[in-house]
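Peer 1: sequence? don't have it. structure:
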C-alpha cells in the first residue's frame, strides 16, 4: 500500500486537499503540463488510447478527467457513443467544459463531479475506463480501484497512465533532479500554489508502481494486468480486464 502523502499540512482528508490543490492550479494547469513535460505527455496519452482500439468501446468513463484531455483524445481515436469524465475538482472541469465547448464536443463528452471511491454509476456500466495521472491521488488506492472495477462491464478494460520512477543510470539521476528541483521551481513561478508541484514528486515517490501496482490490480479483481514503461520508466501504462 502507498504511503499517505498530501498536498498540505491540514486536518482535511487527502481527497479534499487534492481537490483544493487542483482548484488552485486549474488556470495554469494545461500550460504547466505542456511546459514541464516538454509535450511528451501527449505521446503517452496517444499510446494509452491506442490500446483501446481493438476493444471498440462505446461507453467510456474517464476518471480524474481534469481539463478533459484524455477524454478528448479517446473521442478522437475511438469515436465512442459517449464519454463521461469525473473529477473531484470543479475548478479543473470548468476549464475542461470551456475546452469541450470550443471543440463542439460538449454533447459527446460530459464532465461530472465525482471520485473513483464513490462513483455515481450502476454496476457494469462502462465498456472501458481510462485514468490519466490520477490513481496516485486516490485517497484509498484499493477502494478507488475497486470502485472502477464495479462500474466496468464484464470483459471491459481499464487503461491507466501514471508517473513512475526510472531505475537505471543516468535517467534515474536526471529524473530525480528535474522532478525534485526544476519542477517545483517552475511550478511556483507560474502557479498560485507553492505546494502543488512539490506534492507532485512526493506523490510519485510514494506511489506503489510497477509490479506492486499490478498486484493491487489483481487484488481488486482485475485479470491479466499488464505494465508498459514509457520514456525509460518516467511514466507507465497499466491495463487490466474485468473477467467475463
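Peer 2: Thanks, I have it. Being a predicted model, the structure only gives us computed values, none of them experimental.
Peer 1: give me the low-pLDDT residue ranges for this protein?
Peer 2: Within the chain, the segments meeting pLDDT under 70 span 1-3.
Peer 1: Repeat the analysis, applying 90 as the threshold.
Peer 2: Filtered on pLDDT under 90, the chain yields the residue ranges 1-4, 9-10, 33-39, 167-168, 171, 179-180, 187-194.
Peer 1: Please enumerate the helices of it.
Peer 2: 14-37, 40-50, 69-78, 90-102, 141-151, 171-177, 183-190, 196-206, 211-219 (DSSP state H).
Peer 1: Neighbours of residue 102, how many?
Peer 2: Burial measure for residue 102: 9 neighbouring residues, criterion other Cβ atoms under 10 Å. Where C-beta positions appear, they are placed from N, C-alpha and C, glycine not excepted.
Peer 1: same question but for residue 164, I mixed them up
Peer 2: 22.
Peer 1: try residue 244
Peer 2: Residues near residue 244, counting by other Cβ under 10 Å, number 8.
Peer 1: again with residue 154
Peer 2: Residue 154: 9 neighbours (other Cβ under 10 Å).
Peer 1: One more: residue 43?
Peer 2: Other residues near residue 43 come to 13 when the count uses other Cβ under 10 Å.
Peer 1: so residue 131 touches residue 60, yeah?
Peer 2: No. Between residue 131 and residue 60 there is no contact under Cβ atoms under 8 Å: 11.5 Å.
Peer 1: May I see the buried residues of stretch 137-156?
Peer 2: 137-141, 144-153, 156 (16 or more other Cβ atoms under 10 Å).
Peer 1: Repeat that for stretch 119-130.
Peer 2: By neighbour count with 16+ other Cβ under 10 Å, stretch 119-130 contains the buried residues 119, 121, 125-130.
Peer 1: With distance to residue 222 added, can I get those in CSV?
Peer 2: Shown next, in CSV, are the buried residues of stretch 119-130 (distance: Cβ to Cβ, whole Å):
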residue, distance to residue 222
119, 16
121, 18
125, 16
126, 14
127, 15
128, 13
129, 10
130, 14
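Peer 1: out of those residues, who's nearest residue 74?
Peer 2: Nearest to residue 74 among the buried residues of stretch 119-130: residue 130, at 6.1 Å, using Cβ to Cβ.
Peer 1: How about residue 125: what's its closest non-neighbour residue?
Peer 2: Distances taken as Cβ to Cβ, 6 or more residues apart in numbering put residue 151 closest to residue 125, at 4.8 Å, once the chain neighbours are dropped.
Peer 1: Near the closest residue to residue 93 other than its chain neighbours, how many other residues are there?
Peer 2: Excluding the flanking residues, the one nearest residue 93 by Cβ to Cβ, 6+ apart is residue 111, at 4.5 Å. Using other Cβ under 10 Å, residue 111 has 25 other residues around it.
Peer 1: What of residue 220?
Peer 2: Using other Cβ under 10 Å, residue 220 has 19 other residues around it.
Peer 1: Would you agree it is in contact with residue 150?
Peer 2: No. The pair residue 220 / residue 150 is not scored as a contact, 9.6 Å apart, by Cβ under 8 Å.
Peer 1: wait, isn't residue 123 in contact with residue 150?
Peer 2: Yes. Using Cβ under 8 Å, residue 123 is in contact with residue 150, at 5.5 Å.
Peer 1: Would you tell me which strand is longest in the chain?
Peer 2: In the chain, taking DSSP state E as the definition, the longest strand is strand 152-163.
Peer 1: got the contact list for that one?
Peer 2: 44-45, 48-49, 51-52, 55, 57, 70, 124-136, 148-149, 204, 207, 209, 213, 222, 234-244 (Cβ atoms under 8 Å, 6 or more residues apart in numbering).
Peer 1: starting at the chain centroid, how far to it?
Peer 2: 12 Å (Cα atoms, centre = their mean, to the nearest Å).
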